[in-house]
Structure formats: C-alpha cells, structure tokens
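# fold the following and give me the result.
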Amino acid sequence: MRAPHLIVLFAVLLTAAPAGQAQQICPCVPVSHQWIVTACESWNCAVSAAVMANGSPDVLPIPSGSDDYKWVVLRRVVTGSATVPPDAPFKVESFLTLAEASARFAAIDGELKPFLFTAPDGNVVIVMRAQPTRRHAASR
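Presented below is the predicted three-dimensional model:
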C-alpha cells in the first residue's frame with residue numbers, strides 16, 4: 001500500500017521542483033523605449049504606416065507643416081532596435097515633463113518648424129526639422 005503513495009509523492013515533487021526553479025530564474029532586463037520619426041511626402045505613406053501598425057498607440061501619423069514632407073510618422077521602439085539615418089529630415093526629442101519640453105521648445109529656432117505634443121506613453125515629444133528649410137529667392 002505504501003508504493004502508490006510514494007509514487008504520487010514523487011510525482012508531486014518532480015512537478016513542483018521545476019516550477020520553483022522557474023520562479024528563481026529572472027530575465028529581468030529592463031527595456032527602455034524611444035521615439036523615432038520618419039518623413040513622408042504624402043498621406044499615402046503616413047496612412048500605410050498607420051495601417052501596418054494595426055491600431056498600435058506606438059505609431060502616430062502627424063501633419064508636419066512642412067512643404068516638402070507633409071507628414072511625419074512617429075514610432076515608439078525599443079531602444080537600440082532601430083536606427084535613424086544621420087541625414088534624416090526630421091528629428092525628435094522626448095521629455096518626461098512638460099516644463100522640460102517647454103523650455104527646450106522655447107529655445108528652438110522657428111525655422112525648424114517644431115511642434116510639441118504629449119505622446120500616448122506620457123512623454124512630451126518635440127518633433128522638428130533637422131535643418132532649416134531652404135527658402136527660394138523671390139523672382140522679380
């Protein structure tokens with residue numbers, strides 16, 4: 001009669017041991033995120049990014065107010081998972097508080113066409129041109 005009880009006890013111990021070990025192993029790697037911006041010449045480009053995101057709050061098509069790139073697509077990505085080309089026409093800066101973002105926004109040259117807004121993750125984001133747009137000389 002003792003053998004069946006021993007087998008059940010042994011089975012319980014075998015299944016409990018891996019569960020206890022799994023709780024001790026922790027892949028506690030903190031993941032940080034950053035906002036990146038992509039320039040779009042048309043609404044089709046911007047809406048395609050939104051459709052591909054399937055409703056994710058981490059992808060935002062936004063009108064840029066610029067003549068050459070009418071739209072930008074803002075994406076929240078895991079830090080280090082994407083690179084932004086050094087010659088990208090727009091850049092983005094992210095701040096934890098509105099006070100920090102407002103101070104930075106006030107210091108940005110108006111020719112960079114900056115705009116400030118609160119992102120879905122709670123950060124305050126400033127998107128601006130990387131270089132001032134070139135003005136065409138008026139013809140006489």
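# which SSE is immediately downstream of the worst-scoring helix or strand of the chain on mean pLDDT?
Least confident element among the helices and strands of the chain, by mean pLDDT, DSSP states H and E: helix 2-24 (a mean of 56). Where DSSP states H and E defines the elements, the next helix or strand beyond helix 2-24 is strand 33-40.
# so what does that next one touch, helix or strand wise?
Packing partners of strand 33-40 (3 or more C-beta pairs under 8 Å, 6 or more residues apart in numbering; DSSP states H and E): helix 43-53, strand 71-78, strand 90-95. In short, each C-beta sits where N, CA and C put it, glycine included.
# show me what the last one is in contact with.
This points to strand 90-95. 34-39, 64, 69, 72, 74, 84, 101, 104, 119, 123-130 (C-beta atoms under 8 Å, 6 or more residues apart in numbering).
# mind checking the SS state of residue 127?
Per DSSP: H, G, I helix; E, B strand; the rest coil, the secondary structure class of residue 127 is strand.
# who's it bridged to?
residue 92, residue 115 (DSSP bridges).
# I'd say it and residue 38 touch.
No. Taking contacts as C-beta atoms under 8 Å, residue 127 lies outside contact range of residue 38: 10.7 Å.
# which non-adjacent residue is nearest the residue nearest in space to the middle of the chain?
Against the mean C-alpha coordinate of the chain, by C-alpha atoms, centre = their mean, the closest residue is residue 76 at 0.9 Å. In this structure, residue 76 finds its nearest non-sequential neighbour in residue 58, 3.8 Å apart by C-beta to C-beta, 6 or more residues apart in numbering.
# thought that neighbour was touching residue 120?
Yes. Counting by C-beta under 8 Å, residue 58 does reach residue 120; the two are 7.3 Å apart.
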